[in-house]
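> No letters, just coordinates:
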Ligand SMILES: CSC[C@H]1O[C@H](OP(=O)(O)O)[C@H](O)[C@@H]1O
């Protein structure tokens, strides 16, 4: 089968642990380079194993949906957009290898079953569920078309999955630029520059590239308007200390790592202009599920009168849920909290609660919700999105796949 026109060429590695090798250059951004969490070419999918960052930079091939589902559940690859991309591209690899069938009906059923497996891996982020609904619809509609063959069904699903890569990168560029401009207009830049505090990892390691909240920081830096970044370590998985710090150092963006417990003091004494975080699921009223610790950052930002922004593509929005109370919050193994690099740090016998996310009420998102379509107040989101990108109908939860 001929590859869809936009398949990515395989890229170089990411070099040594401390000095990662430079890889593809951002479109329209002279001089900056990017890390790649995902490497894809027709029939081949590799992920950067993020459990080993920042010490070791190694790519792992994923040849099946089962392997992708295991890698997502283990958080070798994480980040709402990256999870959806890896899930869908793993299905594309399987289909190109001839999996599924024989016959149109069994091929469509195979696609639906594989997508269910991927959606179940991590339930809070909506991106995989949204992509699964869309891909299942693409497969079913092609199979119903007069003259359809197994080949055409495979090709339609593969092209849809490959399209997602380019779209995510383009969306992140828009999120970065729109968010940077809004932030500069709505805060009081000292000397024309702003200081931003961010949480978890929302950069190239959580997406197809550039990032969402970290994309805003990249755009500010590219405009010469970023004074400084504070990134929180983001216990217990340490996405900030291990991944965001890695990206910021890699691109020589001025930044300081702080513990999660230092965030209030940083907002009180370090001239923070704005807080910008990512999202795993933004619902219709603007309530947002994001990495655990986000909710308290929003409370502290409100106390200090610092604008609090959520940056997320429309693919992270779920208008079929009215409020954040409906969002399923993933709970993760206690070892992620009791152990550090395989060494136990918590007292034996202590009970553990380890929710991977919390929900920030829309009232605390005072800066706005930055999407690729624009920056919206929470109360504007539903109208802004439902007109432009959301095909209503099938709900995400009861995927009739
Ligand atoms: C653009 S990534 C969005 C989101 O995903 C991260 O969660 P995880 O690392 O557990 O997959 C974090 O909540 C980011 O804000």
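Here it is on my side, so go on. As the structure is a computational prediction, the values presented were derived from the model and not from experiment.
> Spatially nearest residue to residue 148 (excluding sequence neighbours)?
With C-beta to C-beta, 6 or more residues apart in numbering as the criterion, residue 148 has its nearest non-adjacent residue at 5.4 Å, and that residue is residue 142. In this view, the C-beta of every residue, glycine as well, is placed from N, C-alpha and C.
> and that neighbour, what does it touch?
148, 152-153, 156-157 (C-beta atoms under 8 Å, 6 or more residues apart in numbering).
> Flag every residue of the stretch 51-200 of the chain that's near the ligand.
78-81, 200 (C-beta under 6 Å from any ligand atom).
> any chance of these in a markdown table, plus secondary structure, neighbour count and pLDDT?
Shown next, in a markdown table, are those (DSSP: H, G, I helix; E, B strand; the rest coil; neighbours: other C-beta atoms under 10 Å; pLDDT from 0 to 100):
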| residue | secondary structure | neighbour count | pLDDT |
| --- | --- | --- | --- |
| 78 | coil | 26 | 98 |
| 79 | coil | 29 | 98 |
| 80 | helix | 28 | 98 |
| 81 | helix | 32 | 98 |
| 200 | coil | 29 | 98 |
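> Going by neighbour count, list what's buried in the longest helix anywhere in the chain.
Longest helix in the chain by number of residues, with DSSP state H as the criterion: helix 150-186. Of the residues in helix 150-186, 150, 153-162, 164-165, 167-184 count as buried by neighbour count, 16 or more other C-beta atoms under 10 Å.
> Give me the neighbour count for the residue of the stretch 301-401 of the chain found nearest the ligand.
Closest residue of the stretch 301-401 of the chain to the ligand, C-beta to the nearest ligand atom: residue 356 (5.2 Å). Counted with other C-beta atoms under 10 Å, residues neighbouring residue 356 total 22.
> Chain neighbours aside, what residue packs nearest to the residue in the chain that the ligand sits nearest to?
In the chain, the residue that lies nearest the ligand is residue 278 (2.8 Å; C-beta to the nearest ligand atom). Of all residues not flanking residue 278 in the chain, residue 202 sits nearest, at 3.4 Å (C-beta to C-beta, 6+ apart).
> how far away is that neighbour from residue 76?
Distance, residue 202 to residue 76, by C-beta to C-beta, to the nearest Å: 18 Å.
> Of these two, which one has the most company?
A side-by-side neighbour count of residue 202 and residue 76, using other C-beta under 10 Å, places residue 202 first with 33 against 19.
> Assess the claim that the more buried one and residue 218 are in contact.
No: between residue 202 and residue 218 there is no contact under C-beta atoms under 8 Å: 10.6 Å.
> Spell out which residues are contacts of both of those two.
With contacts taken as C-beta under 8 Å, 6+ apart, the residues that reach both residue 202 and residue 218 are residue 211.
> Now the phi/psi pair for the residue nearest to residue 148, please.
Per-residue torsions, residue 142: phi -70, psi -40 (degrees, to the nearest 10).
> Identify the residues contacting residue 47.
37-39, 59-60, 62, 71, 76-77, 86.
> Quickly note the distance from it to residue 359.
28 Å.
> so residue 132 is in which element?
Assigned by DSSP states H and E, residue 132 belongs to helix 127-144.
> And the average pLDDT for that helix is what?
Mean per-residue pLDDT for helix 127-144: 97.
> can you check stretch 299-307 too?
On average, the pLDDT along stretch 299-307 is 98.
> out of the contacts of residue 47, which are buried?
For these, a neighbour count by 16+ other C-beta under 10 Å gives the buried set as 37-39, 59, 62, 71, 76-77, 86.
> Which single one of the residues you listed is nearest to residue 133?
Within these, proximity to residue 133 (C-beta to C-beta) peaks at residue 86, which comes in at 17.2 Å.
> for the helix or strand that closest one falls within, packing partners?
Assigned by DSSP H and E, residue 86 belongs to helix 80-96. Applying 3 or more C-beta pairs under 8 Å, 6 or more residues apart in numbering; DSSP states H and E, one finds that helix 80-96 makes contact with strand 38-41, strand 44-48, helix 65-73, helix 104-119, helix 127-144, helix 150-186.
> Could you export the ones you listed as JSON lines, including distance to residue 256?
JSON lines is the format used below for the helices and strands packed on helix 80-96 (distance: least, C-beta to C-beta, whole Å):
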{"stretch": "strand 38-41", "distance to residue 256": "29"}
{"stretch": "strand 44-48", "distance to residue 256": "25"}
{"stretch": "helix 65-73", "distance to residue 256": "31"}
{"stretch": "helix 104-119", "distance to residue 256": "37"}
{"stretch": "helix 127-144", "distance to residue 256": "30"}
{"stretch": "helix 150-186", "distance to residue 256": "19"}
